[in-house]
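**Student:** please find the sequence and the predicted model below.
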Amino acid sequence: MRLEELVAAVLELPPDVVTDDTAQHNTGEWTSRSHIQLVVAVEDAYGVSLSLGEIRELTSVGAARRILEGRGVPVG
């Protein structure tokens, strides 16, 4: 599953509106609760365990992409 599709599913957004710029500060659906759901979904989908620092940094789709790519995880 592409990262944008994963985020769209968790935040219950249309997939075509999710971009690297989709972030906590500009997306009302990205609440503290959905943030935790997103962390779990990313860990499950990509087979990683995010550190506390990475969880804090995961504030946008672009940040999630950078975190995953930094770990060598291909993000579709």
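**Tutor:** It's in. All figures in this text were calculated on a predicted structure; none of them were measured in a lab. Residues are numbered from 1 along each chain as shown.
**Student:** after the longest helix along the chain comes which helix or strand?
**Tutor:** Longest helix in the chain, counting residues (DSSP state H): helix 32-46. Next helix or strand after helix 32-46 toward the C-terminus (DSSP states H and E): helix 52-57.
**Student:** helices and strands around that next one, which ones?
**Tutor:** helix 61-70 (3 or more C-beta pairs under 8 Å, 6 or more residues apart in numbering; DSSP states H and E). Backbone N, C-alpha and C define where each C-beta goes, glycine included.
**Student:** list the helices and strands the helix it packs on packs on?
**Tutor:** helix 3-11, helix 32-46, helix 52-57.
**Student:** excluding chain neighbours, give the residue nearest to Trp30 in space.
**Tutor:** Gln24 (4.7 Å; C-beta to C-beta, 6 or more residues apart in numbering).
**Student:** run a quick neighbour tally on the one you found.
**Tutor:** Around Gln24 there are 17 other residues, counting by other C-beta atoms under 10 Å.
**Student:** ok, it to Gly72 distance?
**Tutor:** 25 Å (C-beta to C-beta, to the nearest Å).
**Student:** try Thr19
**Tutor:** With distances taken as C-beta to C-beta, Thr19 is found 23 Å from Gly72.
**Student:** more neighbours, the two?
**Tutor:** The neighbour comparison of Thr19 against Gly72 (other C-beta under 10 Å) goes to Thr19, with 12 against 7.
**Student:** so who does the more buried one touch?
**Tutor:** Contacts for Thr19 were tallied using C-beta atoms under 8 Å, 6 or more residues apart in numbering; they are 4, 61.
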